[in-house]
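Participant: Turn this into a structure:
(one chain, ligands or ions: 1)
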Amino acid sequence: MLESALRYSHKLIREIVNNGDTVVDATMGNGNDTALFASLVGETGCVHAFDVQELAVENTKIRLKEQQLTAQLHLESHENVGNYLQHNLKCAVFNLGYLPKSDKTIITQSESTLKSLKCMLTHLLSGGRILLVLYYGHDGGEQEKEAVLHFARTLPQEEYQVLEYQFINQKNSPPILVCIEKRMKE
Ligand SMILES: C[S@@+](CC[C@H](N)C(=O)[O-])C[C@H]1O[C@@H](n2cnc3c(N)ncnc32)[C@H](O)[C@@H]1O
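Facilitator: Numbers count the residues shown, from 1 in each chain. Predicted coordinates for the structure are as follows:
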């Protein structure tokens, strides 16, 4: 069966993230991606995870403890990601939208999403990937989706390969996966 956008994002992460890598979960939420990253980079790697909600940080702490994993959890906007990175970013993931079963008014915003994305691209290693899973059925979601897609589609093809993945016959705003991969230097 073809995989959902979320599952496919995990496959694209697993393909490239190894022990010792530095990675970023830009939208921690309940910590699914943070835990996946932490399991892949091991004790020698580094996971930075961001969220603006205390609930997200608390839920992620619990999840990591249950799985005996570690990550650096930041209760702040992913706009500040540049404060924590050297030029060795292997992979980053965004799940855009709101935290399910929580306050639906706390949503990712195109301005901060793009600021953070642009910053991460300057730190991305050759062969590294940034994944964005776009949920956009909520108020404000469509505008963010268009802003991200426009930015991603206009990245120079000499430097980046950009993939868009979506089921096109599904109702109710099926999520879109965007993967930006930095080309290897020749
Ligand atoms: C779709 S949820 C993420 C789900 C998460 N990946 C998981 O495993 O549960 C989006 C999250 O982004 C967070 N968020 C919104 N604006 C943010 C910002 N500027 N910086 C970091 N996180 C933000 C929300 O609080 C919410 O928890």
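
Participant: Tell me the residues of this structure that contact the ligand?
Facilitator: When proximity is defined as Cβ under 6 Å from any ligand atom, the chain approaches the ligand at 27, 29-33, 50-53, 56, 77-78, 95, 97-99, 106, 108, 112. For the C-beta atoms, the positions are set from N, CA and C on the backbone; glycine is no exception.

Participant: Quick check on the residues you listed: which are buried?
Facilitator: By the neighbour-count criterion of 16 or more other Cβ atoms under 10 Å, those include these buried positions: 27, 29-33, 50-53, 56, 77-78, 95, 97-99, 108, 112.

Participant: Inside strands: which ones of those?
Facilitator: By the criterion of DSSP state E, membership of these in strands covers 50-51, 95.

Participant: Please identify which of those residues is nearest to Val41.
Facilitator: Phe50 (16.3 Å; Cβ to Cβ).

Participant: how close does Asn59 get to Glu142?
Facilitator: Separation of Asn59 from Glu142 (Cβ to Cβ, to the nearest Å): 27 Å.

Participant: And those two? Which one has more around it.
Facilitator: Each of Asn59 and Glu142 had its neighbours counted (other Cβ atoms under 10 Å), and the higher figure belongs to Asn59 (18 against 12).

Participant: Quick check: the more buried one vs Gln109, distance?
Facilitator: If you go by Cβ to Cβ, the gap between Asn59 and Gln109 works out to 21 Å.

Participant: which residues touch whichever residue of the chain sits closest to the ligand?
Facilitator: The minimum distance from the chain to the ligand, using Cβ to the nearest ligand atom, falls at Gly29 (2.4 Å). For Gly29, the residues meeting the contact criterion (Cβ atoms under 8 Å, 6 or more residues apart in numbering) are 51, 56, 59-60, 95, 99-100.

Participant: name the element the spatially closest residue to Phe151 that is not a sequence neighbour belongs to?
Facilitator: The shortest distance from Phe151 to any non-neighbouring residue, by Cβ to Cβ, 6 or more residues apart in numbering, is to Leu114 (5.9 Å). Element membership for Leu114, per DSSP states H and E: helix 110-123.
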